[in-house]
Structures are given as C-alpha cells and as structure tokens.
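Enquirer: sequence and predicted model, in that order:
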Amino acid sequence: MAIRDILKLGNPNLYTMCEHVHLHDMNEINAIVTNLKDTLLDFQNRFNRGRAIAAPQVGAFKRIIFMHIDKPVVFLNPIIDLKSKELMEIWDDCLSFPDLLVKVQRHWECRIRYFDMDFKEQEMDLVGDLSELLQHEYDHLDGILAVSRAIDNKSFALRSEIDHIPEQSN
C-alpha cells in the first residue's frame, strides 16, 4: 500500500495550481494514482466517508482526480465544460479538513471531460451529489478550497455539531 498523508487546511501547498498530465508522464501518473487510491481507501476504512481525492491533497501537483464510489474512476486533465444554471446549497466536507463542514453553492448538473488511464478522451454527465463532488475535487486542481467558496461568514460548522445544523445534507 502507498498511503500518503493528506495535506490539511493551513498547508499553503493546497493553494497550488496543478500542472497538466502528459502522455510521457504515465509512469509517474501510475504511482500517483496508486497513492490516491490507497490513501482514499484507507480514509474510507477509518472514517466511513470520502468518495474522491485530488492529487494535490497528497502533495502531487498534477491534474488528477481519483473517485471511488461503486468502482474506481481516474480523471486526468479534467475540464468541467458545462454547468447548469440551477444551483444547490450544501454542507461540503473535505479530506483536508475532515472535522469542518462548509456551506457552499454548487451547480446541480455538470459535464466533465477528461482522459482515462489509457489516455483516451472521455466525458461524464453528473447530477446532484456527484456533480457537487466533482466540482469540489476540480477546485482542488486550481488551488481552490471549499472554505474559499463559503456562502457567508456563518457557513462553517464542526462535524460534531451536525445535529444542530438546520437543513443538513450528507
């Protein structure tokens, strides 16, 4: 296993703009993807949550997202090219600040274009919580954290206080 430490809120590296992946980088990319997979699965086993992770969260500043819900999906050089006008308001959480929830707005639907591990172009239409999830991870690639997208100065809560949060979402 190649479990990496997840960079935490306050680490200035989380604000780094990530570099594109190139075909000649694939040996390095395979190692990063293994790290992402092992780190996410470890987080899921320990905390019973976590659906995706972006490369900068483990200190790899490449445009890579690893998602594991029903099966693993790797997004190389993702681009969100369509977003619905309809927004949703949610309590966002993050592996980089696991005890903090941040109320943000995200687009209800989006389309993401990306390369898979065979460097073939793919696209995926996402709705609801998966749309929110990929927008969150995509932000990491541009050095944007959910705390920067907070709706207002009252949009922060500790996970332990979730029972006191009106209209919570999971």
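Expert: Okay, I see it.
Enquirer: for residue 81, see how far away the residue nearest in space to the middle of the chain is.
Expert: With distances taken as C-alpha atoms, centre = their mean, residue 137 lies nearest the centre of the chain, 2.3 Å away. Look at residue 137 and residue 81: by C-beta to C-beta, to the nearest Å, they are 16 Å apart. Every C-beta, even on glycine, is put in place using the N, C-alpha and C of the backbone.
Enquirer: what ranges does this protein have for its helices?
Expert: 26-47, 129-141 (DSSP state H).
Enquirer: name the stretch among those helices that sits most buried.
Expert: Mean neighbour count (mean count of other C-beta atoms under 10 Å) peaks for helix 129-141 among the helices of the chain, with a mean of 22.
Enquirer: average pLDDT for that helix?
Expert: The average pLDDT for helix 129-141 rounds to 98.
Enquirer: repeat that for stretch 154-165.
Expert: Rounded mean pLDDT across stretch 154-165 is 89.
Enquirer: how long is that stretch end to end?
Expert: 11 Å (C-alpha to C-alpha, to the nearest Å).
Enquirer: ok so, going back, so which of the helices of the chain is nearest residue 11?
Expert: Closest to residue 11 of the helices of the chain is helix 129-141 (C-beta to C-beta; 12.2 Å).
Enquirer: what's the closest one packed up against?
Expert: strand 52-54, strand 64-68, strand 72-83, strand 87-94, strand 97-107, strand 109-115, strand 121-127 (3 or more C-beta pairs under 8 Å, 6 or more residues apart in numbering; DSSP states H and E).
Enquirer: export it to PDB, keeping only CA atoms.
Expert: The C-alpha coordinates for helix 129-141 follow below in PDB (Å, rounded to 0.1, in the frame of the first residue of the first chain):
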ATOM      1  CA  ASP A 129     -24.200  14.900  -5.200                       C
ATOM      2  CA  LEU A 130     -21.800  13.500  -7.900                       C
ATOM      3  CA  SER A 131     -21.900  16.900  -9.600                       C
ATOM      4  CA  GLU A 132     -21.000  18.600  -6.300                       C
ATOM      5  CA  LEU A 133     -18.300  16.000  -5.600                       C
ATOM      6  CA  LEU A 134     -16.500  16.500  -8.900                       C
ATOM      7  CA  GLN A 135     -16.800  20.300  -8.700                       C
ATOM      8  CA  HIS A 136     -15.200  20.100  -5.300                       C
ATOM      9  CA  GLU A 137     -12.300  18.000  -6.400                       C
ATOM     10  CA  TYR A 138     -11.900  20.000  -9.600                       C
ATOM     11  CA  ASP A 139     -11.400  23.100  -7.500                       C
ATOM     12  CA  HIS A 140      -8.500  21.400  -5.700                       C
ATOM     13  CA  LEU A 141      -6.700  21.200  -9.000                       C
END
